[in-house]
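>>> sequence-free structure coming up:
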């Protein structure tokens with residue numbers, strides 16, 4: 001099962017829409033360099049949302065694009081919310097992440113929720129812990145991995 005990166009998104013502060021970048025460095029047990037959510041203090045180091053989920057909101061009439069849901073990586077071709085906790089994925093040539101959370105509680109109803117009465121990120125976004133860092137770029141493959149030790153993927 002594989003897809004690809006259609007957008008990489010970062011923000012300097014939490015609670016902001018993220019801005020797209022062409023490439024990024026993901027640090028082991030931290031997250032994307034330059035992103036406010038990167039931290040070794042929690043399990044939500046990198047967030048992913050499928051372009052197919054963004055399109056659901058566009059089909060509801062919203063003018064939204066990748067990054068507007070505060071996701072770090074927007075993918076295409078993978079059913080992200082169906083991946084069980086603990087699933088490992090390879091992002092680009094080097095990065096290995098492990099699904100640590102599916103969806104999230106939305107404490108404050110964001111502008112998207114206010115406009116549409118719904119938002120896909122709390123139900124369809126996923127979060128990963130970074131097991132192995134590296135560089136990623138738009139267009140890179142994202143694939144679900146067989147479960148084996150991280151060292152065996154080098």
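In hand now; what should we look at? Please read these numbers as outputs of a predicted model, since none were measured by experiment. Numbers count the residues shown, from 1 in each chain.
>>> drop to CA atoms for contacts and neighbour counts, all remaining ones
OK.
>>> what about the longest helix in the chain?
Taking DSSP state H as the assignment, the helix of the chain that covers the most residues is helix 51-59.
>>> may I see the buried residues of it?
Neighbour counts over helix 51-59 (16 or more other Cα atoms under 10 Å) mark 51, 52, 53, 54, 55, 57 as buried.
>>> tabulate the residues you listed (CSV), appending distance to residue 74.
Shown next, in CSV, are those (distance: Cα to Cα, whole Å):
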residue, distance to residue 74
51, 6
52, 9
53, 9
54, 9
55, 11
57, 14
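>>> please state the offset of the helix or strand following the longest helix of the chain from the chain centre?
For helix 51-59, the following helix or strand on the C-terminal side (DSSP states H and E) is strand 73-76. When C-alpha coordinates are averaged (Cα atoms, centre = their mean, to the nearest Å), strand 73-76 and its chain have centres 7 Å apart.
>>> for strand 73-76, name the packing helices and strands.
Counting by 3 or more Cα pairs under 8 Å, 6 or more residues apart in numbering; DSSP states H and E, the packing neighbours recorded for strand 73-76 are strand 2-10, strand 46-50, helix 51-59.
>>> residue 13: what secondary structure?
With DSSP: H, G, I helix; E, B strand; the rest coil as the basis, the three-state label of residue 13 is coil.
>>> wait, isn't it in contact with residue 38?
No - contact between residue 13 and residue 38 fails when scored by Cα atoms under 8 Å: they sit 10.7 Å apart.
>>> what's the helix or strand for residue 101?
Of the helices and strands defined by DSSP H and E, residue 101 is found in strand 95-102.
>>> show me the shaky parts of this protein.
Applying pLDDT under 70 to the chain flags residues 15, 104-122, 147-154.
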